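Chemist: From the sequence below, what's the structure:
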Amino acid sequence: MLNSSKLIAVCVVAVLIGMPTLSVAKARGGSGGGFSSGPRGGNSPMSMGSRGSRTHQDNGAKPIEQSTTAKPSTAPPPTTASNPAAQPAPVAQPSFLQRNPLLTGIAAGLAGSWIGHMIFGATDSSAQTLDGEPAPASNSIGLMLLLMMLGAGALYLFKKNRRTVAPVLSGITRNTVVKGSLFDESYDGTLLKPATDTFTVTIADKAAFQQLLTDVQSAWSAQDVAGLRRAVTPEMLSYFSTALAEDSSRGIQNHVEAVELLQAEVLEVWSEEHTDYATTALRWNARDYTVSTTIPRGESGHLIEGNEETSSESREVWTFMRVRDGRWLLSAIQQ
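Modeler: Numbering: from 1, shown residues only. Modelled structure (predicted):
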């Protein structure tokens, strides 16, 4: 029985280890094309790069899946309703006597006078002097005056020592005020300006986009990392370099040749501080094919994918960036 239990445990561990390996093998052993998320039109399932503050915004193309730009958190901010311990204790409402101290003092004085009269007045009224005459009522009057003075003194002390309840400003602190609101100490009385503004894409800019399309595809086909460095951002260069190294290890090479731009539609333009961005939908024709670097041309198995003679159409959304008054660089690709 013990051996059977050990055998079952070993099988479970083997399955758990083997399943991720099998999944990775299936994911990486697909069509055998070149860069799985690069400039290829036919076999580019992944979108990558950075679009500034709009990296993870929906622009109609495939969302960017690989980027150094952090994705904003979608978790709702914590509320005091979900954290009972953080809620301030409710302020107790004052009673009628606390809200009306004057009436309280008068009532206390009258009550003291009435009690004093009940205790001492009745005795005085029935007391007589030794010669049979009623005792004077001066003692009762004096006691009543004394009690009234004590009530007035108590009223004075109550009003003097009464503490004013401080208001509770729940949820409004220096750390929780909204930036730019009236509670913000840095607020200067003007509304916050939008983080981005637009600019005009000129004919020269469109010509630069077309040239970058050709330059990137040519450098990719020639496995020219230096040429890619001149045309793309450092982030995009890292993706291209990794993909080229993977293709070299697998013994394959992707070619995108005779690129002919058919249409370029500018979708978005915006600026962030000193950087301009332009997102453009590109459609082009090119010969897109992948060959083996270990099998000579003309032998069976040399052509892995695509057609060396026939062009095919590709569509992608490219985002270009430039430092103000600088040259354009490719910063993102979306399918």
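
Chemist: After the helix or strand containing Trp220, which helix or strand is next?
Modeler: Using DSSP states H and E, Trp220 sits in helix 203-221. Sequence-wise, the next helix or strand downstream of helix 203-221 (DSSP H and E) is helix 225-229.

Chemist: And the next helix or strand past the helix or strand of the chain with the lowest mean pLDDT?
Modeler: Least confident helix or strand of the chain, by mean pLDDT, DSSP states H and E, is helix 2-28 with a mean of 43. Moving toward the C-terminus from helix 2-28, the next helix or strand (DSSP H and E) is strand 48-49.

Chemist: Just list what that following strand packs against, helices and strands only.
Modeler: Strand 48-49 sits against helix 234-250, strand 329-334, with contacts defined as 3 or more CB pairs under 8 Å, 6 or more residues apart in numbering; DSSP states H and E. For every residue, glycine as well, the C-beta is placed using N, CA and C.

Chemist: hang on, the earlier thing: and the helix holding Trp220, what's buried?
Modeler: By neighbour count on 16 or more other CB atoms under 10 Å, the buried set for helix 203-221 is 205, 208-210, 212-221.

Chemist: now stretch 256-267
Modeler: For stretch 256-267, by 16+ other CB under 10 Å, it's Val256, Val259, Leu261, Ala264.

Chemist: wait, is the first one part of a helix?
Modeler: No: using DSSP: H, G, I helix; E, B strand; the rest coil, the assignment for Val256 is strand, not a helix.

Chemist: Find the residue closest to it in space, skipping its chain neighbours.
Modeler: Sequence neighbours aside, Gln217 is the residue nearest to Val256 in space, at 4.2 Å (criterion: CB to CB, 6 or more residues apart in numbering).

Chemist: give the contact list for that neighbour.
Modeler: Going by CB atoms under 8 Å, 6 or more residues apart in numbering, Gln217 touches Pro39, Val256, Glu257, Val259, Ala286.

Chemist: Got phi/psi on the last one?
Modeler: With angles defined as degrees, to the nearest 10, Ala286 sits at phi -170, psi 160.

Chemist: Checking the closest residue to it other than its chain neighbours next. Helix, strand or coil?
Modeler: Leaving aside its chain neighbours, Ala286 sits nearest to Val259 (4.5 Å; criterion: CB to CB, 6+ apart). Three-state call for Val259 (three-state DSSP): strand.
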